[in-house]
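Colleague: need a 3D model of the following:
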Amino acid sequence: MLRESMQAGGKQVDVAGVTQGFDEDVDIPHAAALVGFADAVAARDDGRTATAREALRKTLGEEGLVDAAAVVGAFHGFVRIADAIGIPYTTAAQGRDAPEIRSRAGVNDFPRVRHPG
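Modeller: Numbers count the residues shown, from 1 in each chain. Reported below is the predicted structural model:
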């Protein structure tokens, strides 16, 4: 989805930044704060989440924080729903995801992908 939205906006982004961190010159406004928030939520770390939430509130304002939280919540939910109903990662994109994107982004290294059982 990130790749598609960036292409639709005429921007380029190295998807490896999703798992390895973005460079300071990445063309995504407030990328570090957004990734920090997403990482904290995914780690289920209340302290980190509170800190990241406050950083987003200061950077993006209340509405931006709400938007970011909605996106993180939606993606987090998609994974939980897929897991709950037994959709394995390898078929989640109906075979249409791009293996080179998965590799560059580091998705192939996720434990759930390496050990789908």
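
Colleague: going forward, measure contacts between C-alpha atoms and count neighbours the same way
Modeller: Will do.

Colleague: let me see the domain layout of this structure.
Modeller: 27-76, 87-117 (automatic domain parsing).

Colleague: let's have these in CSV, adding mean pLDDT.
Modeller: Output for the domains of the chain, formatted as CSV (pLDDT from 0 to 100):
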stretch, mean pLDDT
domain 27-76, 90
domain 87-117, 65
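
Colleague: just name the most buried of those.
Modeller: Of those, the one with the most neighbours on average (mean count of other CA atoms under 10 Å) is domain 27-76, at a mean of 16.

Colleague: could you pull out the helices in this structure for me?
Modeller: 2-8, 17-20, 31-43, 46-84, 89-92, 99-105, 111-114 (DSSP state H).

Colleague: Ile85: neighbour count?
Modeller: Residue neighbour count, defined by other CA atoms under 10 Å, stands at 8 for Ile85.

Colleague: quick check, pLDDT for it.
Modeller: You'll see Ile85 listed with a pLDDT of 77.
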